[in-house]
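In: What follows is a predicted protein model with its sequence.
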Amino acid sequence: MIELAFSILASDFAHLADEIAAAERGGGTIVHVDVMDGHFVPNITFGPPVVKAIRPITKLPLDCHLMIEDPDAFIPAFAEAGADMISVQQEVCRHLHRTLEHIIEHNCLPGVVINPATPVDTLIEILPMVHYVLVMSVNPGFGGQKFIPFTVDKIAQLAELREEMGLNFRIEVDGGVAPDTVAQVVQAGAEMLVAGSAVFEEGRTEHNAAELLRIARAAGSAM
Ligand code: DX5
Ligand code: ZN
């Protein structure tokens, strides 16, 4: 099932509740929360207090993408704040299996993220335990970056591995997903589409979300 996980990083923070409601009206079904620490990525965003503030204003699942060093130290706080899904970057997890277990113990759905330069093969052993794999299609740190085309092959490779291994994890893609790039990621096998600037630009959130989903679903049904 194709779903839109709208990234609130690109929203108007002064009107966050309205922005989330508009993206939801446009068909968005997951709230993607980009957590950045100024260490793993060269930018700082928000932490558990913002997740806690969003929790009562929407029924949609909160997908927390942790772009932080030492995610283990913060998983309990995000779970407590109301996260439903938590993903961690493969590159910072020295003990990835343990970190994923930590997420599961805190009753959140576990996800793992790989940067454009990180091979899909690094995930083979842990694929049976994740609910989703997030393929970064930009280098994490900022919204509004240009989509990196070779990441489409990584999505296809993951979809193939899933088939071969008889698994059912979901494939999420994040970065530069917009009307002109969304068809190729859907055709490669991505189903959870993260989009920030393409959804929230120009104050036409509801329309943008609906249009992006329309294009994505058309690409999906043409397969
Ligand atoms: C990048 C973040 C993304 C980003 C997406 O580090 O993980 O979620 O906000 O933004 P757009 O859709 O503008 O590329
Ligand atoms: Zn993200």
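Out: Looks like it came in fine. Ligands and ions are numbered 1, 2, ... in the order given.

In: Please count neighbours and contacts with C-alpha atoms only from this point.
Out: Fine.

In: Do the longest helix seen in the chain and ligand 1 come into contact?
Out: As assigned by DSSP state H, the longest helix anywhere in the chain is helix 205-221. No: contact of helix 205-221 with ligand 1 (Cα under 6 Å from any ligand atom) is absent, the minimum separation being 11.4 Å.

In: Let's test this: mean pLDDT of that helix, rounded?
Out: Helix 205-221 shows a mean pLDDT of 97.

In: ok, and what's touching it?
Out: Identification of contacts with helix 205-221 by Cα atoms under 8 Å, 6 or more residues apart in numbering yields 2-4, 19, 22-28, 178-179, 182-184, 186-187, 198-201.

In: Give me the buried subset of those residues.
Out: 2-4, 19, 22-24, 26-28, 178-179, 182-184, 186-187, 198-200 (16 or more other Cα atoms under 10 Å).

In: And the helices in the chain?
Out: Using DSSP H, helices in the chain cover 16-25, 48-54, 75-81, 96-105, 151-165, 182-188, 197-200, 205-221.

In: list the buried ones in the fifth one?
Out: Read that as helix 151-165. Neighbour-count burial for helix 151-165 flags 151-152, 154-159, 161-162 (criterion: 16+ other Cα under 10 Å).

In: Is ligand 1 within reach of it?
Out: No: judged by Cα under 6 Å from any ligand atom, helix 151-165 stays clear of ligand 1, getting no closer than 13.6 Å.

In: thinking M67 is in contact with D37, fair?
Out: Yes: assessed by Cα atoms under 8 Å, M67 is found in contact with D37 at 6.8 Å.

In: Looking at those two now, which is surrounded by more residues?
Out: Using other Cα atoms under 10 Å, the more surrounded residue of M67 and D37 is M67, with 27 against 17.

In: Could I get the contacting residues of the residue found closest to the more buried one once you drop the neighbours it is linked to in the chain?
Out: Among residues not flanking M67 along the chain, M36 sits closest, at 4.9 Å (Cα to Cα, 6 or more residues apart in numbering). By Cα under 8 Å, 6+ apart, the residues touching M36 are 43-46, 66-68, 141.

In: got the residues of the protein near ligand 1?
Out: 7, 9, 34, 140-145, 174-177, 195-198.

In: Whichever of these end up buried, select them in PyMOL.
Out: The PyMOL selection below is limited to those of the residues of the chain next to ligand 1 classed as buried (16+ other Cα under 10 Å):
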select buried, resi 7+9+34+140+141+142+143+144+174+175+176+177+195+196+197+198
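
In: among the residues of the chain next to ligand 1, which are in strands?
Out: Using DSSP state E, 7, 34, 174, 195 are the members of the residues of the chain next to ligand 1 that sit in strands.
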